[in-house]
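Chemist: kindly generate the corresponding structure for this input.
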Amino acid sequence: MRNHLINKITELAGQNENMMLITADLGFSVIEKFKERFPNRYINVGIAEQNMAAIAAGLALEGNTVFIYSIGNFPTLRCIEQIRNDICYHNANVKILAVGSGFAYGTLGMTHHATEDLAIMRALPNMKVFTPCDSISAEAIAQAICKINGPCYVRLERGGEPEIFSKDEKFEIGKLKEIRKGYDIAVITIGTVINEAIKAADILREKNNYISVYSVYSLKPIDKEQILEIAKEYKYIITVEEHQITGGLGSTIAEIIAENNMNTKIIRLGLNDEFTSVVGNQEYLREIYKIDYKNILNKIINNRRIR
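Modeler: The predicted model follows:
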């Protein structure tokens with residue numbers, strides 16, 4: 001995923017001499033193509049994420065489109081003051097690329113678990129928030145953010161994720177993508193945790209029980225009318241995110257439904273106001289924190305009579 005996005009940005013940089021990439025001493029084996037093609041538009045600031053964000057803001061205010069790249073919480077929580085005051089307040093054309101969403105760096109512990117970033121980035125005025133679920137949607141996001149004049153946040157996985165979409169898939173900012181079609185229950189996901197929802201849906205399908213699965217690749221903006229249409233169609237909406245349930249996808253969906261007096265029941269799966277205290281790979285942590293396909297199945301079975 002990250003390689004596809006950076007490769008697409010490198011391709012687009014060949015068409016725009018004002019595109020720049022800054023890294024905080026990370027991204028090696030990913031960013032080399034950009035560095036080699038555009039050495040005068042590449043900066044490694046060292047392990048200094050706050051400087052990276054401030055420099056990016058200054059360059060953007062001089063007319064450049066600036067991408068900043070790092071892993072986990074480093075390009076977000078580490079430099080939140082610079083993102084808020086220097087980038088968002090000035091509506092600077094800076095694109096924040098954070099690799100290692102959720103539990104992607106699970107074995108490195110809580111400091112590397114990105115589980116509050118969506119809530120924080122979503123709360124910032126002028127910031128737009130994107131989360132691809134595969135390499136196809138990552139490339140689409142790369143193209144989309146290059147056309148946006150203002151700050152964007154892109155939450156990426158490390159790589160090797162299953163492909164969800166075909167190469168000719170068309171994306172529209174704010175729109176959800178329907179991956180499986182069913183009735184009564186819609187599972188709305190963000191990022192690669194969609195693979196857990198798809199697995200649950202396919203297990204149910206073998207028993208002639210069908211649920212719908214949606215992918216959110218644009219959290220902010222998001223199409224409120226589409227959310228309301230989904231709420232009208234289904235009795236239950238289950239949101240699944242590798243993130244705190246507060247402020248992220250579940251909160252976004254709940255806010256829209258509550259503000260429009262809908263009766264659809266919402267079940268939010270994610271971290272429930274807690275820090276991760278366990279280390280392990282992504283699959284293991286999804287199971288521990290109950291966002292794996294087994295727990296999704298349990299929630300569905302408990303709300304629909306299935307044997």
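
Chemist: quick one: buried residues of the helix or strand hosting residue 283?
Modeler: Here residue 283 sits within helix 282-288, counting by DSSP states H and E. If you call a residue buried by 16 or more other CB atoms under 10 Å, then helix 282-288 has these buried ones: 282, 285, 286. Every C-beta, even on glycine, is put in place using the N, C-alpha and C of the backbone.

Chemist: kindly report the same for stretch 4-15.
Modeler: 4, 5, 6, 7, 8, 9, 10, 12, 13.

Chemist: in this protein, which segments are predicted with low confidence?
Modeler: 304-307 (pLDDT under 70).

Chemist: redo that, cut-off 90
Modeler: For the chain, applying pLDDT under 90 flags the ranges 1, 26-29, 72, 158-161, 301-307.

Chemist: contacts only, for residue 254.
Modeler: Going by CB atoms under 8 Å, 6 or more residues apart in numbering, residue 254 touches 266, 268.

Chemist: distance of it from residue 227?
Modeler: 10 Å (CB to CB, to the nearest Å).

Chemist: domain map for the chain?
Modeler: Following automatic domain parsing, one gets these domains for the chain: 2-156, 176-303.

Chemist: quick one: closest of those to residue 165.
Modeler: When the domains of the chain are compared by CB to CB, domain 2-156 sits nearest residue 165, at 4.2 Å.

Chemist: just the element for the residue lying closest to residue 41 once chain neighbours are set aside, please.
Modeler: Nearest residue to residue 41 in three dimensions, chain neighbours excluded: residue 20, at 4.5 Å (CB to CB, 6 or more residues apart in numbering). Using DSSP H and E, residue 20 maps to strand 19-23.

Chemist: do the same with residue 197
Modeler: For residue 197, the host element (DSSP H and E) is helix 194-205.

Chemist: likewise for residue 266?
Modeler: Element membership for residue 266, per DSSP H and E: strand 265-271.

Chemist: buried sites along that strand?
Modeler: 266, 267, 268, 269, 270, 271.

Chemist: need phi/psi at the nearest residue to residue 171 once chain neighbours are set aside.
Modeler: Distance criterion CB to CB, 6+ apart; nearest residue to residue 171, sequence neighbours excluded, is residue 140 at 4.3 Å. Per-residue torsions, residue 140: phi -60, psi -40 (degrees, to the nearest 10).

Chemist: and for residue 140, the neighbour number?
Modeler: By other CB atoms under 10 Å, 23 other residues sit near residue 140.

Chemist: show me what contacts it?
Modeler: 132, 169, 171, 217.

Chemist: quick check: ChimeraX command selecting the buried ones in the residues you listed.
Modeler: Remark: buried members of these, expressed as a ChimeraX selection using 16+ other CB under 10 Å:
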select :132,171,217
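
Chemist: report the beta-bridge partners for residue 130.
Modeler: Listed beta-bridge partners, residue 130: residue 154, residue 218 (assigned using DSSP bridges).

Chemist: that one reaches residue 144, doesn't it?
Modeler: Yes - counting by CB atoms under 8 Å, residue 130 touches residue 144, with 7.4 Å between them.

Chemist: neighbour-wise, which of those two wins?
Modeler: residue 130 (27 against 19).

Chemist: show me the contacts for the more buried one.
Modeler: The contact partners of residue 130, by CB under 8 Å, 6+ apart, come to 141, 144, 145, 152, 153, 154, 155, 217, 218, 219.

Chemist: equivalent analysis for residue 146, please.
Modeler: With contacts defined as CB under 8 Å, 6+ apart, the neighbours of residue 146 are 9, 12, 16, 19, 65.

Chemist: I'd say the last one and residue 95 touch.
Modeler: Yes - contact criterion CB under 8 Å: residue 65 and residue 95 qualify, at 7.2 Å.

Chemist: ok, those two, which is more surrounded?
Modeler: Neighbour totals were compared for residue 65 and residue 95, and residue 95 leads with 27 against 24 (other CB under 10 Å).
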